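Student: Following is a predicted model, sequence given first.
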Amino acid sequence: MEIKQISNFQAIALILIIVTNHLILGTPRTLIAETGTGTILNMIYVFILALLLVFIITKLFSNFNGKDIIDISEFLGGKVLKVIVGIVFIIYFLVILSTTVRVIVQDLEIIYFQNISVYVLTLAILASIVFVYKYGSSDVVKCNSIIAPIVGIAILIIAFSNVQDFSLDRIFPILGFGAKETFITGASNIFAYSGLAILYFIMPMLKDSKNFKKVSIVSTILVGILIVGSVSSLVLSFPFIENINEISSLYVESRDISYWQVFQRIDGLFVFSWILALLSYISVVLFIIVVIFRKLTNAKKEFPVVLAFATITYVTTLIPNNIAMIRFLEDIVFKYTNIIVAIFLSLIILIFANIKYKIVNRKNTIINSNNIENKPL
Amino acid sequence: MEKQTLNKFFIIIAVILLLLVAIFSSSSYSSNIDKLSYAIAIGLDVGKNSSMQLSLQFSSTNSPSSGSGSSQSSEAIVYSVECSDINDGINLINNYLSKKINLAHTRVIVFSEEFASTGVSDVIYTLINSVQIRPTASIVVSKCEAKEFLQSASSKLEKLSARYYETIQNSSEYTGYTQDISISQFFYDIQNTRKNASAILGAVNKDASHASANSEQESGKYVAGQAPIDSEDPGIENTGLAVFVEDKLVGELNNIETICHLLASNNLKYCNITIPNPLNVSDTIDLRLSTDSPVKIEVNLVNGNPFIKLDFNISCQLISMSENVNYFSEENLKKIQDAVNVYMKQNMTDYLYKTAKEFKSDIVGFGRTAIHQFLTWDDWINYNWLEKYKNSFFDININSELKSGQLLIET
Amino acid sequence: MNKLFTLIKNTFYPNNEEHYDFILPENSAESVESTDEVKTDEINSQKDPESVFPSLSVNLDFLKVKYNTLINSDIVVREFTLTARNRQYGAFLVYIDGMVDTKIINDFVLEPLMLRNRANSYDGNETRVVSEAISNNITVRKVKKFDLVDYIYNSLVPQNAVKKKKSFNDILPDINMGNCLLFVDTIDTAFSIDAKGFKQRGVDSPKNETVIRGAQEAFTEAIRTNTSMIRRFVNNENLVIESLSVGKVTKTKCAVCYMKDIANDDLVAEVKYRLNNLDIDTIISSGQLEQLIEDNSKCSLPQMLSTERPDKAANHILSGRVVVIVNGSPYVLIMPCVFVDFLSSAEDPNLKFQYANLLKFVRLVAFFITLLLPGLYVAITNFHQEIIPTELLFAIVASRESVPFPIIVEILAMEISFELIREASLRVPSPIGTTIGIIGALILGQAAVEASIVSPILIIIIAITGITSFAIPDFYLSFHLRIARFLYIIAGFLAGFLGIGIVLFGHLILLCSLKSFGVSYLAPYVPATSKNNKAYFMPPFWSREKRPDFLNSKRPRKQERVSMKWKYKVDN
């Protein structure tokens, strides 16, 4: 059945699953390529930036209890702005979804399923998601809250299984490519936290609006631990070499894990958990897209919308032809779309909405006080 | 449920199942576990007629005679082919064999000396690119032909050939005569700006190779293949390390030099050394070395050249014992410690200058300490450590402590 | 010679004798066009009179026709004369032979009614004057009229359970249940006298849910015995046992048991609503009832616990659940139930928490093994061989050298034969039971391996899977796992870990979507509600302070914070 309310833990799990999937992609490689050996410093810096950002967002949201960003943009600019913002976010989520799906399925095809083509694999995955959606979106969110912690723990296990290969020398030279690159242009690494875009939409669904602050801070901290943990383990395990570009850094790291010389190459088990994560991710992002779409159009039923967007995703997933285009999508399109839409656009809307709110409030208090004065005694 | 919807339901399920079977059926059978043969080792030589000769070692699986299922025999089954590159060779052998070759359980990759001196980076990159190869497979440079190396890799003590390779690499942990180097380590070290790559040095130990020993043998220094071991069937021996600059082989280390290498790069677990007895000149004593604390390395750049200072803390345990002697009196203790210090310092100095002057290759990895002096990556690249290493100076300080003997303290 | 000829003729030529051939003819009622809805109402009572007639002979004739007493050999009608207030009335008893205790009827029904009972005799001269009023020399007295029904009911039948019944709809089930009915001339009330005396199985030890350290009693088929066992365990006046009847033909008695001050009212109302709105003919066992009132019958997962132990049922009643007992079935139904209940056994509350948690962990591992092991084996050997350690891989390959079938065929064949052995062993007569076990399992398996039809590794896997499926306490859950296991095998064969991942995801979604009487099936994990809810792994007994949160009971706390007051002094 359709979801009405989600609990705190489910909201945190929604954000976690998005970030873990982006970590599986190739985000760590982009991060390390950006800042070189100074990545660890940069990661901590970006984590603090993200925390600040989330504080600001919760403060800006505090005036609008129970509304999500679509409602706020309606308040700010009427129906026109609402539709524009809605469409922008739908396109954003579609781009992210199709990029992620394409990259992960391509990786799977390279590693395990060389005889089956990508089209068939993607079709199988998307068809099963649509089939599962007939139970309704509340089950998807509940199931996600089971899968997300498992996958998060699996990623941390990969990150810390290679502890004997860690060598602190690999973080030198500490400033990487330079102080400016590490801190100023390196701030663009905040795109790794783009899973927090979900925060803009969960406010109406939470049982109690006061929990929004708690949810956002806790999820940012958990996401930060995941990102900092996995990226630092990558930096510490492999020496930084400028030109190496591999498909999925976490996968390559997981191939190195060996316990007692007997259990080697257990990357298959981690790939299993990543498959579950991918399925959960697709359903969660489809869920958010459907929520936005239904807000814009007041569609009554959920399932046809899901079917439509799943088909669109399938078509867009198959647009890139080869790995060079996929790499381009991953490195450039993904990164900059995240920064522009998830961070800047929303911040701007929130700030302007807050300003308008204050102006409207001030007008109202003036009108009220005028009314009180003008009341007949 | 009414009959019609039940029928529809079954029809839909049947159609879906048929579709799935049709789609996925092609892939599974050919990679079935029965249809694959697993190569345990890969050997690469310079080919006579073409650019390389590829050898693959398989382990045969005995068909169960009593029905209870036994596993591999220890005979080595080696197939070789002349080819232009490694994938071409695998294709040719695939065509020849009945089962499909799978490299997922390869333990060892062997290059011959000749092949290694011409540059191995193509092969290494191809192997790392492959999905099947394990990153924990070892790299061995063999003094004889790789094919011969693979063919001799068996022993009466081990029934399973794959485990033979595993245990023979583990032996380095307690002898210190070689180090277990995996292909992923090697791959990163080839392009690493901080250090140069090294690989295991191996050879077949037969009588012919004993004859090539020289005076160094008397002082206990052997390269792979030279240890004068007499056994019924010659087997492989991994002793020493092969030194690379970028991807070409430039030299090799013997066993004592490898001990020094392990000490300097902080990888030594235990080893045994034999030094001349300070109390009795014509005799020798044996000690077991291990490290208390990691070696302290300081790298200073003096006039653009590295000046490297090393401080070692070694703890020794006396293994040999003779009659009428008390090694642990204060005077004797000091004598033995001094003897160890002198011996190790001599060998360490020889070794380090050999890497700097003769090989020009920083296999210990001093670059990892030198990089602390630089703040940005571009500075480091501009300094070009690997070129500057050949001008380095060393200051070595060894401090050994004789902790104990074994059961006897005094005789 | 003739004999030989006859023999050949009999062997090769068809016999000319007619074979006895019986075909079930079509019912004339079914040949009617509209066969969709057969009104079940019409089966029972077309023109049944509603209430008892005042005339005895009419009642007698009606019952004789109804019960076919000329044909039915065990319906007994005993006519006699009843004396009350010095008047004689005709009467008869009707009961089913074999279901009543004749001693009770003789001593407590017939004797007081037929023999003159001086202690209760009533002359008739005493009339009870209620009030008297004199006016105009006319005395008006209100006299209490003599009521035969009350007289018989209050004074003449010294039997502990007597009910007055006016309608035949109530009387007929009572006769069928084993009561004895008394009809008296001139009154339109019949008396239903409880004289049940049928033979039943005594209280036994539980056959399928044995524990080491707990009560060794099990439910029986009679509903009163079962309710009495529950009453003794709960021992509280707030325990309510409501009686309903389900099924138009069998009118099976069901009892709904709950604690009035603990169970949620809406839950009880929902249970009774579902039980009362079943439009069926017959209910014989609790298994049939379970399929009729569960939330989602398309799914093969069980949504209600069924148990034959009264202490387990009492435990669940006291936590706020509702128990339904069906007459004729020794298994009672407990609702609502969540997934972790099916992995808990009856022994867990009795043990120390360390042992209980160890056993629960073992059962959890058994659950995953029995579900996933064959599927994972197929997936790993077909797609992901690098996970297997090298020596094990060579052992597997060596053992499969001469096996002609691919792994999927082997696994399916072995699984199906294991199921066949399981089914067959249920029906083997006990003298040769153990022999068949040895033959089937050991020798056949051993011989199959030696004949190189299957590989020994596969035998081990199938055996482990089978053994772990018996480690699951609830029988129905292990059924579901048996079915699901085939799905995983096929998925693993088709697409390796991807297939298993997709099926596992679908399975999880199915689990999340199920509800059992309004409680989410994966509660209390999903949705994660309160922090204090320790659902599967149990804390020590003195720390189980609250009842399960998802039951929304009226009394959430069941222990004080400091329950061992002898040990810890609490300052108030």
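Tutor: That came in fine, so what should we check first? Numbers count the residues shown, from 1 in each chain, chains lettered A, B, ... in the order given.

Student: contacting residues for C:C337?
Tutor: C:C337 is in contact with C:P302, C:Q303, C:M304, C:L305, C:R321, C:S516, counting by C-beta atoms under 8 Å, 6 or more residues apart in numbering or on different chains. Quick note: C-beta positions are derived from backbone N, CA and C, even for glycine.

Student: Shouldn't B:A39 be within a strand?
Tutor: Yes: counting by DSSP: H, G, I helix; E, B strand; the rest coil, one finds B:A39 located in a strand.

Student: ok, and the closest non-adjacent residue to it?
Tutor: Using C-beta to C-beta, 6 or more residues apart in numbering or on different chains and skipping the chain neighbours, the partner closest in space to B:A39 is B:L56 (4.5 Å).

Student: how close does the one you found sit to B:A153?
Tutor: Distance, B:L56 to B:A153, by C-beta to C-beta, to the nearest Å: 12 Å.

Student: overlap in contacts of these two?
Tutor: The contact sets of B:L56 and B:A153 overlap at B:A41 (C-beta under 8 Å, 6+ apart).

Student: Where does chain C get nearest to chain A, residue-wise?
Tutor: Residue of chain C nearest chain A, by C-beta to the nearest C-beta: C:G501 (3.6 Å).

Student: burial count for that residue?
Tutor: By other C-beta atoms under 10 Å in any protein chain shown, the residues close to C:G501 number 24.

Student: Show the residue spans covered by the strands in chain B.
Tutor: Using DSSP state E, the strands of chain B run over B:36-46, B:52-61, B:72-83, B:100-102, B:108-112, B:138-142, B:198-204, B:236-245, B:248-253, B:271-276, B:284-291, B:296-302, B:305-318, B:393-404.

Student: Could you find the residue nearest the spatial middle of the chain?
Tutor: Because you didn't say which chain, this covers chain A. Computing the C-alpha centroid of chain A and ranking residues by C-alpha atoms, centre = their mean puts A:G195 first, at 2.0 Å.

Student: unless I'm mixing things up, it is touching A:I18, no?
Tutor: Yes: counting by C-beta atoms under 8 Å, A:G195 does reach A:I18; the two are 3.6 Å apart.

Student: Flag every residue of the stretch 101-250 of chain A that's near chain C.
Tutor: For the stretch 101-250 of chain A, the contact set with chain C under C-beta under 8 Å from any C-beta of the partner chain comprises A:108, A:112-113, A:121, A:124-125, A:128, A:131-132, A:135-136, A:139-140, A:142-143, A:145-147.

Student: so of these, which ones are in helices?
Tutor: The members of those that map onto helices under DSSP state H are A:108, A:121, A:124-125, A:128, A:131-132, A:139-140, A:142-143, A:145-147.

Student: doesn't B:V223 make contact with B:N254?
Tutor: Yes: between B:N254 and B:V223 there is a contact at 4.8 Å, judged by C-beta under 8 Å.

Student: quick one: low-confidence parts of chain C?
Tutor: For chain C, applying pLDDT under 70 flags the ranges C:14-19, C:25-49, C:116-130, C:528-534, C:571-572.

Student: next one: chain B
Tutor: Those would be B:1-3, B:23-31, B:61-75, B:155-161, B:207-220, if you go by pLDDT under 70 across chain B.

Student: what domains does the record give for it?
Tutor: Following automatic domain parsing, one gets these domains for chain B: B:34-253, B:255-411.

Student: hang on, the earlier thing: any idea of the pLDDT on the residue nearest to the centre of chain A?
Tutor: Per-residue confidence at A:G195 stands at 85 (pLDDT).

Student: for the closest residue to C:N179 other than its chain neighbours, helix, strand, or coil?
Tutor: Nearest residue to C:N179 in three dimensions, chain neighbours excluded: C:S192, at 4.9 Å (C-beta to C-beta, 6+ apart). Secondary structure state of C:S192, per three-state DSSP, is strand.

Student: Give the burial count for C:S192, as a bare number.
Tutor: By other C-beta under 10 Å, the residues close to C:S192 number 20.

Student: Same question for the one 4 residues further on.
Tutor: C:K196 is surrounded by 17 other residues when neighbours are defined as other C-beta under 10 Å.

Student: and if you look at A:S216?
Tutor: 25.

Student: does chain B sit close to the helix or strand hosting it?
Tutor: For A:S216, the host element (DSSP states H and E) is helix A:211-237. No: using C-beta under 8 Å from any C-beta, helix A:211-237 stays clear of chain B, coming no nearer than 9.7 Å.

Student: elements contacting the helix or strand following that helix?
Tutor: Sequence-wise, the next helix or strand downstream of helix A:211-237 (DSSP H and E) is helix A:249-255. Packing partners of helix A:249-255 (3 or more C-beta pairs under 8 Å, 6 or more residues apart in numbering or on different chains; DSSP states H and E): helix A:8-25, helix A:27-35, helix A:137-161, helix A:211-237, helix A:267-297.
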